[in-house]
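Chemist: Show me the folded form of this:
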Amino acid sequence: MYSILDVAKLAKVSKSTVSRVLSGDSYGVSDKTKAKVEKAAKELGYVKNSLASSLRTNKTKTILLIIPDITNNFWAEVARGAQDFLEKHDYSLIMVNTDWKSDKYNKYLELALSKGVDGILINSSTSLTSKLNNIDLPIVLLGNAYLESHFPRVGSNTLEGFNEALEFLYKNGHTKIGVVASHTDTVGGKSHQNKLSIYHTFLENHSIRFNKNYYFSVGYSMEGGKELATLISKMENPPTAIIAGNDLIAVGLINECRELNIKVPDDLSIIGIDDIPISSIIHPSLTTIAKPKRDVGEKAAEIIIKVIEGQPVNKNYKLPVNLVIRDTVKKINGDLK
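Modeler: Numbers count the residues shown, from 1 in each chain. The predicted structure follows:
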């Protein structure tokens, strides 16, 4: 295996110059010299000794990504956006899945501290707030607008999209609108309150009576959607439309409605959140609030590198969303308020 010294001899430059070029810190090195070093390294098949480098710099060039559900394509695309950006900047990504379970969150946070990663990208929960605040590592939150924390966060303007979806349903004659709360929020959580607040404001603006039975809490999965369909099928006065907590719930809901002989959208209009690939494939195709998933991952990766390097960053990035209209919303004559 060739060393930096071998590269330096072939390129006819100093060992320190080679070290600077190969570490990505080539400030002051001419483009011509940089090209010579890179050519020599390629000819020799030089492989950087990351372990030795980390011992010298106290940096591993590794970021830990902690997400709740890798089976949800939303998180898979966020991860891809983060990985692609990090790789361009000579960082590696380790991804772990928590299944929304607090014991797994704790396990992986302890792993991050013991293995010496340089930073953490995480979609967290309220129960971990104090633990995150006590971790001496750069951290960027993914979403988590409800968490009280000093860490920068990157997410989508979901609440704006939620309000747009409510108004879209109203314009199509719906006043009996159900919504799904996040199963990870506490009743007093800020996200829960914000969604309720927007929902109540919408109802008040259109003089619609609030029906507590139209606010549902199910798991953020297709099984949760199946459960939701069962709940709706047993209601004496069911909603004519519902905004699901994410697309997986919506897809599970559509599938189970078919089994329960609830016609979508004739009997029940449905709007999802995320715009994962299956949304456009399922029949009927799902109207949904599209989020910029890869952009979220890419922006979070960019910020974590800046934090590691001591650069200033904004604390709250909200990327825009848009309502993608497909086939699961039907225009009706309207309902009694």
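Chemist: so where's the stretch 201-337 of the chain shaky on pLDDT?
Modeler: In the predicted model, the stretch 201-337 of the chain carries pLDDT under 70 at residues 334-337.
Chemist: Which parts of it are strands?
Modeler: In the stretch 201-337 of the chain, the strands defined using DSSP state E, counting those that start in this stretch lie at 215-217, 241-243, 269-274, 287-290, 316-319, 322-324.
Chemist: right, and those - which one's nearest Lys39?
Modeler: Evaluated with Cβ to Cβ, those place strand 316-319 nearest to Lys39, the distance being 39.1 Å. The way it works is simple: take the backbone N, C-alpha and C, and place the C-beta from them, glycine included.
Chemist: Give the buried residues for that closest one.
Modeler: Neighbour counts over strand 316-319 (16 or more other Cβ atoms under 10 Å) mark Tyr317, Lys318 as buried.
Chemist: Walk me through which strands that strand pairs with, and which way each runs.
Modeler: Sheet pairing of strand 316-319 (DSSP bridges) gives strand 153-156 (parallel).
Chemist: How far off centre is the partner strand?
Modeler: Chain-centre distance of strand 153-156: 8 Å, with Cα atoms, centre = their mean, to the nearest Å.
Chemist: burial count for Ser92?
Modeler: 14 (other Cβ atoms under 10 Å).
Chemist: next one: the one 3 residues further on
Modeler: By other Cβ under 10 Å, 17 other residues sit near Met95.
Chemist: Specify the beta-bridge partners of it.
Modeler: Under the criterion used (DSSP bridges), Met95 bridges to Leu65.
Chemist: how much space between it and Ile304?
Modeler: Note on Met95: its distance to Ile304, by Cβ to Cβ, to the nearest Å, is 14 Å.
Chemist: before we move on, the earlier item: among the strands of the stretch 201-337 of the chain, which is nearest Gly161?
Modeler: Using Cβ to Cβ, the strands of the stretch 201-337 of the chain put strand 287-290 closest to Gly161, at 3.8 Å.
Chemist: one step back: output the strands of the stretch 201-337 of the chain in JSON lines, with distance to Ser125 appended to each entry.
Modeler: Listed next are those as JSON lines, based on distance: least, Cβ to Cβ, whole Å:
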{"stretch": "strand 215-217", "distance to Ser125": "15"}
{"stretch": "strand 241-243", "distance to Ser125": "22"}
{"stretch": "strand 269-274", "distance to Ser125": "18"}
{"stretch": "strand 287-290", "distance to Ser125": "22"}
{"stretch": "strand 316-319", "distance to Ser125": "19"}
{"stretch": "strand 322-324", "distance to Ser125": "28"}
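Chemist: now for these, which one comes closest to Asp103?
Modeler: Among the strands of the stretch 201-337 of the chain, strand 215-217 sits nearest to Asp103 (Cβ to Cβ), with 21.6 Å.
Chemist: Adjacent strands (with direction) for the closest one?
Modeler: strand 177-181 (parallel).
Chemist: I'd guess Ser124 is in a strand, am I close?
Modeler: No. Checked against DSSP: H, G, I helix; E, B strand; the rest coil, Ser124 lies outside a strand; its state is coil.
Chemist: Pull the number of nearby residues for the residue lying closest to it once chain neighbours are set aside.
Modeler: The shortest distance from Ser124 to any non-neighbouring residue, by Cβ to Cβ, 6 or more residues apart in numbering, is to Asn144 (5.4 Å). For Asn144, the number of neighbouring residues by other Cβ under 10 Å comes to 23.
Chemist: State the pLDDT value of Ile66.
Modeler: Looking at Ile66, its pLDDT reads 95.
Chemist: For it, the count of nearby residues, please.
Modeler: Ile66 has 24 nearby residues by other Cβ under 10 Å.
Chemist: Show me the shaky parts of the stretch 1-150 of the chain.
Modeler: 1, 24-27, 47-58, 115, 126-127, 145-147.
Chemist: Can you show me the helices along it?
Modeler: Applying DSSP state H, counting those that start in this stretch to the stretch 1-150 of the chain gives helices spanning 4-11, 15-22, 31-44, 50-57, 73-88, 102-115, 129-133.
Chemist: Any idea which of those helices gets closest to Asn123?
Modeler: That would be helix 73-88 among the helices of the stretch 1-150 of the chain, by Cβ to Cβ, at 7.6 Å.
Chemist: Compute the inter-axis angle for that closest one and strand 269-274.
Modeler: 20 degrees (axes from the mean of the first three to the mean of the last three Cα atoms, to 10 degrees).
Chemist: For helix 73-88, which helices and strands make contact with it?
Modeler: strand 62-67, strand 92-97, helix 293-308 (3 or more Cβ pairs under 8 Å, 6 or more residues apart in numbering; DSSP states H and E).
Chemist: Name the nearest residue to Val180, ignoring sequence neighbours.
Modeler: Nearest to Val180 is Gly245, by Cβ to Cβ, 6+ apart, at 3.9 Å.
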